[in-house]
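Novice: predicted structure and sequence below. I'll ask about it afterward.
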2 protein chains.
Amino acid sequence: MLSLTDSEKKILDAAKKVFEKQGYTGARMQHIADEAGISKASLHYYFRSKENLFERIFDETMSDFMELVSTWSDEKEHWEEKLRNFIHQFFDFLKTKSLLFILGEINRNPDLLLSRRKKSKPKAKFISYFENLQEAGKLKSSNMYVVYIFMHSLCAYPVLNAGLFQMTTGMNNHDFEVFMKNYPDTVADLLINALKRGLN
Amino acid sequence: MLSLTDSEKKILDAAKKVFEKQGYTGARMQHIADEAGISKASLHYYFRSKENLFERIFDETMSDFMELVSTWSDEKEHWEEKLRNFIHQFFDFLKTKSLLFILGEINRNPDLLLSRRKKSKPKAKFISYFENLQEAGKLKSSNMYVVYIFMHSLCAYPVLNAGLFQMTTGMNNHDFEVFMKNYPDTVADLLINALKRGLN
DNA sequence: AATTGGTTTGACCAAATGGTCAGCAAAAGT
DNA sequence: ACTTTTGCTGACCATTTGGTCAAACCAATT
């Protein structure tokens, strides 16, 4: 766990901001340097290349995500509350946009995942958690792959396209904020209901 | 309704392909020319600039999308079948990726929508259709903005991240194809059920 | 055969972009 | 005080990229 200097943090924050908004190919090193308030040469002094900078952000984000996903291991809470809590945390994490950024890049270049594939498969924990409940008779029969994809879609897409949804629905800022604030619970309610009812 | 020459069609297809995969900034004119089997100079002969080429694709895709959305006007079918049919059509349209591409670009540059905003608001038709049913007492009370966003998310995100989902769930090609084939009905079932039950 | 109009391209250009480097400034040792 | 290490930058470089253009090509028309 190597600690970062202030300059490195400042640069990484700036880089995240620019990468997330412009994508990898759209991001400009000069723009990142400006955002961090340093020269382009300094930027290269700290992170040799654009690709290197990207890798740092990629690994950092992936690591944070894995940590979030790992919460599906401990079995203390009731599954309903566990799911609701996870959705809230997942939603907060998505709002930082960094996960959506790297998922977009993986989409363009799947090798990013294949080459760095850690042993951890994010789906395994979620799906096996609910499949276990199901086999124990505590849940109606459902295709847990569907539940997994539903949850991801319902959480990620509205964050990804928040601006677009606000425009196309014509909501004003206040209404939209209220909407987004309640949204995680709305998703949780739907999924809990679907799991109780059974889903295929 | 101006007809396109073979060359123009060939170029537009190639451009869509490259734009959809690489994004606007990532797409290279040379790459598009190669994909169309012509020289870069020829590409510029037909479509003066990269931006011009993008605008053509943008407008064409938006137009197709508006046509799809307009089906919420005629009131012949029962709402359940209407919704199910729409989801199937929407899903097929999404699979061409062109809509997802332009939505992504709008996300990066909202002016794209603001400047070309046609009077037609895509949300209006969907939402007012179901709000009318609701007021007529044929549906439990629901926040139709939620339903609208749920439908979009459930349809779009799995198409956008199909490759990623296949990898992270570890499904093989065959299983995944079957899954995707059944998926639109799964979404339809969920939304119909939610609408019957009421959703907030 | 010659002319005309549209089509195609290799060669080229200017600007943008990722990256390097010698050198300066400011701490940090000694 | 001096040397050394570290942080930082302006100027510069090589390559990429969108875009241009004169010349060649090719069918249809005269």
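Specialist: That came in fine, so what should we check first?

Novice: and stretch A:172-179, C-alpha only, in CSV?
Specialist: As requested, the backbone C-alpha atoms of stretch A:172-179 are provided in CSV (Å, rounded to 0.1, in the frame of the first residue of the first chain):
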residue,chain,number,x,y,z
ASN,A,172,-35.9,20.6,-13.6
ASN,A,173,-32.8,20.3,-11.5
HIS,A,174,-34.6,20.0,-8.2
ASP,A,175,-37.1,17.4,-9.3
PHE,A,176,-34.3,15.4,-10.8
GLU,A,177,-32.2,15.5,-7.7
VAL,A,178,-35.1,14.3,-5.6
PHE,A,179,-35.7,11.6,-8.2
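
Novice: does chain B sit close to that stretch?
Specialist: Yes - against chain B, stretch A:172-179 shows contacts by C-beta under 8 Å from any C-beta of the partner chain at residue A:179. Yep, even glycine has a C-beta here, placed from its N, CA and C like the rest.

Novice: residue contacts, residue A:60?
Specialist: By C-beta atoms under 8 Å, 6 or more residues apart in numbering or on different chains, residue A:60 lies in contact with A:12, A:98.

Novice: which SSE is it in?
Specialist: Taking DSSP states H and E as the definition, one finds residue A:60 inside helix A:50-69.

Novice: that helix: which residues count as buried?
Specialist: Buried residues in helix A:50-69, counted by 16 or more other C-beta atoms under 10 Å in any protein chain shown: A:50, A:53, A:54, A:56, A:57, A:58, A:61, A:62, A:65, A:68, A:69.

Novice: same thing with stretch A:169-177?
Specialist: Taking 16+ other C-beta under 10 Å as the neighbour-count basis, stretch A:169-177 is seen to contain the buried residues A:169, A:171, A:176.

Novice: and chain A, which residues reach DNA strand C?
Specialist: With the criterion set to C-beta under 7 Å from any atom of the strand, chain A comes near DNA strand C through A:27, A:28, A:29, A:30, A:40, A:41, A:44, A:48, A:49, A:50, A:51.

Novice: let me see the contact set for the first one.
Specialist: For residue A:27, the residues meeting the contact criterion (C-beta under 8 Å, 6+ apart) are A:15, A:18, A:19, A:50.

Novice: closest to DNA strand C out of the residues you listed?
Specialist: Out of these, the one with the shortest distance to DNA strand C is residue A:50. That distance is 3.5 Å, counting by C-beta to the nearest atom of the strand.

Novice: show the pLDDT at that closest one.
Specialist: We have a pLDDT of 98 for residue A:50.

Novice: that one touches residue A:29, doesn't it?
Specialist: Yes - in this structure, residue A:50 sits in contact with residue A:29. The criterion is C-beta atoms under 8 Å, and the distance is 5.9 Å.

Novice: now do the contacts for the residue lying closest to residue A:101 once chain neighbours are set aside.
Specialist: When the adjacent residues along the chain are set aside, residue A:101 lies closest to residue A:20, with 4.5 Å between them (C-beta to C-beta, 6 or more residues apart in numbering or on different chains). Applying C-beta under 8 Å, 6+ apart, one finds that residue A:20 lies in contact with A:97, A:98, A:100, A:101.

Novice: try it again with 7 Å
Specialist: Residues touching residue A:20, when contacts are defined by C-beta atoms under 7 Å, 6 or more residues apart in numbering or on different chains, comprise A:97, A:98, A:101.

Novice: what residues are up against residue A:84?
Specialist: Residue A:84 makes contacts with residue A:188, as judged by C-beta under 7 Å, 6+ apart.

Novice: element containing it, please.
Specialist: With the criterion set as DSSP H and E, the secondary-structure element containing residue A:84 is helix A:79-95.

Novice: list the buried ones in whichever helix or strand comes after that helix?
Specialist: Downstream of helix A:79-95, the next assigned helix or strand under DSSP H and E is helix A:98-108. If you call a residue buried by 16+ other C-beta under 10 Å, then helix A:98-108 has these buried ones: A:98, A:99, A:100, A:101, A:102, A:103, A:104, A:105, A:106, A:107.

Novice: how far away is the fourth one from residue B:108?
Specialist: Looking back up the chat, that one is residue A:101. Distance from residue A:101 to residue B:108, counting by C-beta to C-beta, to the nearest Å: 12 Å.

Novice: swap in residue A:44?
Specialist: The separation that residue A:44 has from residue B:108, given C-beta to C-beta, amounts to 25 Å.

Novice: now do residue A:38
Specialist: Spatial separation of residue A:38 from residue B:108 under the definition C-beta to C-beta is 25 Å.

Novice: for residue A:96, same thing?
Specialist: 17 Å.

Novice: and residue A:200, by the same measure?
Specialist: Using C-beta to C-beta, we find residue A:200 at a distance of 37 Å from residue B:108.

Novice: and the contacts of stretch A:186-200?
Specialist: Counting by C-beta under 7 Å, 6+ apart, stretch A:186-200 makes contact with A:80, A:83-84, A:87, A:139-143, A:146-147, A:150-151, A:154-155, B:146, B:186, B:190, B:194, B:199-200, all of which sit outside it.
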